[in-house]
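[1] need coordinates for the below:
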Amino acid sequence: MNFRSLTRGDGVVIGAAVLLFIASFLDTFDGDEAPNAWDNGNLLMSVYLAGIIGAGLIVVGRATGSQRKVAGLDLGNFGIGLTFAAAWSSLGAIFDTGQSYDKFFELLNARFGASGGGAESPDAGVGLILGLIGALVLVAAAVASNIVPALKAPLMGAPGPVAPQPYGGQPQGGYGYPGAAQSQPYGAQPGQPQQPSFGGQPQGGGATPPPAAAQAQPASADFSPFWFAVPVPRPLYPEDGSPTPIAELAPGTWYLAVEQRGQSLVAQTQDGRRGVLQDTTGIQRG
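    Down below sits the predicted model:
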């Protein structure tokens, strides 16, 4: 799971679920020694646990890229349905606070000789009120996360990129580029000057890679390489136009764009593979 793909809307969903969990331990009725949601299984399952489970499915569905399904539905869509059910049940609970406790209050009135023929429904406690607020915020955030642009923004920003290298240059140990240290010939000791290979150039410090890689596929005159991150996982296709992706770009990782082809970008992954990113909408430039 890639939690860097979570959005601000998912953050609101998580906060509303936490509010529901806290409200389940608070008094359901307004009074001394009043029960909470854990004393009423119907209220607990239909409002609090339904909302919390729905929020969990939404977050997991976003983190896994909607690859898992429940009853043929994406985890996110199934979770949104549970949040609607929780909000609807909370409205019913707030208007009918007595619920299964009406008979209990009627017996208390009869035992202690209270006047009046029937039992009155008690006032809603802080647990029911916060549960209603949490359920409404939860369903609103679950729906708005896919509609409101401000809630589509990433919840966790990606790490800052290093300075871009010239096209064809060797990355200098930047984020996501392992193995930047210069390799030693077989049998050489660290710190010893390296001897040039037969017919080659010295490989000591300050040497630059040959420009052949940079000249293999010349970029447009007005294009300069830059670092970027994708908002959601996106496939990287081969440069020869094959339909099978060679890699998947994940949110939270910086990639180097080395060339532009129309609306597409030629990107380089952490392990040095190059491919074409066809969908460039919403990318974050470093």
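[2] you'd agree Phe3 is up against Ala63?
    Yes: look at Phe3 against Ala63 with Cβ atoms under 8 Å: they come within range, at 5.3 Å. C-beta: built from backbone N, CA, C; applies to glycine.
[3] could you pull out the strands in the stretch 51-200 of the chain for me?
    69-70, 73-74 (DSSP state E, counting those that start in this stretch).
[4] weakest of these in terms of mean pLDDT?
    The minimum mean pLDDT among the strands of the stretch 51-200 of the chain belongs to strand 69-70 (a mean of 70).
[5] show me the shaky parts of the stretch 151-286 of the chain.
    157-221 (pLDDT under 70).
[6] quick one, helices of it?
    Counting by DSSP state H, counting those that start in this stretch, the stretch 151-286 of the chain has helices at residues 212-216.
[7] looking at the strands of the stretch 51-200 of the chain, which is buried most?
    Greatest average neighbour count among the strands of the stretch 51-200 of the chain goes to strand 73-74 (a mean of 16), per mean count of other Cβ atoms under 10 Å.
[8] check contacts around Gly125.
    Leu26, Asp27, Thr28, Phe29, Asp30, Gly31, Ala34 (Cβ atoms under 8 Å, 6 or more residues apart in numbering).
[9] what sits closest to it if chain neighbours are left out?
    Asp27 (3.8 Å; Cβ to Cβ, 6 or more residues apart in numbering).
[10] and Leu44, by the same measure?
    Leu44 sits nearest to Ala37 (Cβ to Cβ, 6+ apart), 4.6 Å away.
[11] what values do phi and psi take at the one you found?
    Main-chain dihedrals, Ala37, degrees, to the nearest 10: phi -70, psi -30.
[12] now distance to Pro245 and neighbour count too, for the contacts of Gly125, in a markdown table please.
    As requested, the contacts of Gly125 are exported to a markdown table (distance: Cβ to Cβ, whole Å; neighbours: other Cβ atoms under 10 Å):
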| residue | distance to Pro245 | neighbour count |
| --- | --- | --- |
| Leu26 | 50 | 16 |
| Asp27 | 55 | 19 |
| Thr28 | 52 | 27 |
| Phe29 | 57 | 22 |
| Asp30 | 59 | 15 |
| Gly31 | 61 | 11 |
| Ala34 | 58 | 17 |
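[13] name the helices or strands packed onto whichever strand in the chain runs longest?
    Secondary structure of the chain per DSSP state E: the longest strand is strand 255-261. The contact analysis (3 or more Cβ pairs under 8 Å, 6 or more residues apart in numbering; DSSP states H and E) places strand 255-261 against strand 226-229, strand 264-268, strand 274-277.
[14] try it again with 6 Å
    On a contact count with 3 or more Cβ pairs under 6 Å, 6 or more residues apart in numbering; DSSP states H and E, strand 255-261 meets strand 226-229, strand 264-268.
[15] export those to CSV and tack on distance to Thr280 and mean neighbour count?
    Formatted as CSV, the helices and strands packed on strand 255-261 follow (distance: least, Cβ to Cβ, whole Å; neighbours: other Cβ atoms under 10 Å):
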stretch, distance to Thr280, mean neighbour count
strand 226-229, 8, 20
strand 264-268, 6, 20
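[16] among the strands of the stretch 51-200 of the chain, which is nearest Gly127?
    strand 69-70 (28.9 Å; Cβ to Cβ).
[17] quick one on the thing from earlier: turn the helices and strands packed on strand 255-261 into TSV, including distance to Phe21.
    Below are the helices and strands packed on strand 255-261 laid out as TSV (distance: least, Cβ to Cβ, whole Å):
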stretch	distance to Phe21
strand 226-229	33
strand 264-268	41
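[18] alpha carbons of stretch 141-158, in CSV - could you do that?
    In CSV, the C-alpha atoms belonging to stretch 141-158 read as follows (Å, rounded to 0.1, in the frame of the first residue of the first chain):
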residue,chain,number,x,y,z
ALA,A,141,-15.8,14.2,2.9
ALA,A,142,-16.1,10.8,1.3
VAL,A,143,-18.2,12.2,-1.6
ALA,A,144,-16.3,15.5,-1.9
SER,A,145,-12.9,13.9,-2.1
ASN,A,146,-13.7,12.8,-5.7
ILE,A,147,-15.2,16.2,-6.7
VAL,A,148,-13.6,19.2,-4.9
PRO,A,149,-10.2,20.0,-6.4
ALA,A,150,-8.8,21.2,-3.0
LEU,A,151,-9.6,17.8,-1.4
LYS,A,152,-7.9,16.0,-4.2
ALA,A,153,-4.5,17.4,-3.3
PRO,A,154,-2.0,15.0,-1.7
LEU,A,155,-2.2,14.6,2.0
MET,A,156,1.5,14.1,2.4
GLY,A,157,3.9,16.1,0.3
ALA,A,158,6.6,14.3,-1.6
